[in-house]
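Trainee: Pasting the sequence and the predicted coordinates here, then a few questions.
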Amino acid sequence: MQITLPVRFYRAVPTSNPQGLVEEDWVLDTAKTAFVELHCWNIGCPGGIPVPEEYWVFEGSPQNHEYMWRAVTEEIAPSMVAARGVGMPVVHVQGAEIGAKYQHLQPPIPPAHSPQACREPISDHFVRRANRVHGEDYMGWSEWRNVDIAEPVKPVDGDILVVTTEQFDGWLRSRGIDTLLYTGFSTNLCILDSPCAIKAMAGLGYRCVILRAATTGVEFPETLETRSHTENAIRYIEVWWGYSASAGDFRQACGISLGGR
């Protein structure tokens, strides 16, 4: 099955007067495109883990978690249903701790292609600094053990879950998949820099697309209204790493393929 999805990127030339955002229609083979849910966690979700006052975790403030929850319920969950409806593989990207809860959904994890030498840090400065920003001993927060995938986007039979870039790459190559549609959190952090995220996969030659309304960045009190960190991260992707598309356009494309539903 094929769907047509408008995507955009930023053309930065000519440098004195850049062309700017360029939109083009892609015809996607749904069997060669994967829908990716990355780090949609149950922190700040109704019935999930309350946002702690003593630690800055996940999306940070309670207010920013409200934006996150709306993205999960209004954008990511219905887009995931649309992807499954047109036969597009759905892949969940999670850390090893959450991945251990879903072993039955994981393809084999191969050894890293080029493991780096293990070196001891020259000091404990990184840990001390992180504790000053996020709360003393925030990695010791007791609720970390209860973090899971948010209920509206939990895997179903037929979905795949991956935890390492090598595992994801191997599974994609075995199926001839070359295009990845990303949703999840956070736009300015994990969506870019985690294992299996946009930087890692774009570097391996995959076409990476962020669905704009299906993600939020970590915002601060002075940026909550403008969502400037989210917008800047999307532009960063459009210039350096990949493309963006409307989540609504994606659902509409899938709906048309399903006969207008």
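Mentor: Arrived safely, thanks for sending.
Trainee: hmm, who's touching the least confident helix or strand in the chain by mean pLDDT?
Mentor: Of all the helices and strands that make up the chain, helix 247-257 has the lowest average by mean pLDDT, DSSP states H and E, namely a mean of 91. Under the contact criterion Cβ atoms under 8 Å, 6 or more residues apart in numbering, helix 247-257 has outside partners 1-6, 30, 75-76, 78-79, 82-83, 85-86, 88, 181, 183, 211-214, 261. (Each C-beta comes from the backbone N, C-alpha and C, glycine too.)
Trainee: The stretch 51-200 of the chain: helices as residue ranges?
Mentor: Using DSSP state H, counting those that start in this stretch, the helices of the stretch 51-200 of the chain run over 62-71, 77-85, 96-99, 125-134, 165-175, 190-193, 198-202.
Trainee: what's the longest one packed up against?
Mentor: In terms of contacts (3 or more Cβ pairs under 8 Å, 6 or more residues apart in numbering; DSSP states H and E), helix 165-175 is packed against strand 90-93, strand 160-162, helix 198-202.
Trainee: Apply 7 Å and report the result again.
Mentor: Applying 3 or more Cβ pairs under 7 Å, 6 or more residues apart in numbering; DSSP states H and E, we find helix 165-175 packed against strand 160-162.
Trainee: Give me the mean pLDDT for the strand it packs on.
Mentor: Strand 160-162 comes out with an average pLDDT of 98.
Trainee: for that strand, packing partners?
Mentor: Helices and strands touching strand 160-162, by 3+ Cβ pairs under 7 Å, 6+ apart, are strand 90-93, helix 165-175.
Trainee: Return the most buried member of those.
Mentor: Ranked by average neighbour count under the criterion mean count of other Cβ atoms under 10 Å, the helices and strands packed on strand 160-162 are headed by strand 90-93 at a mean of 26.
Trainee: Appreciated, that's everything.
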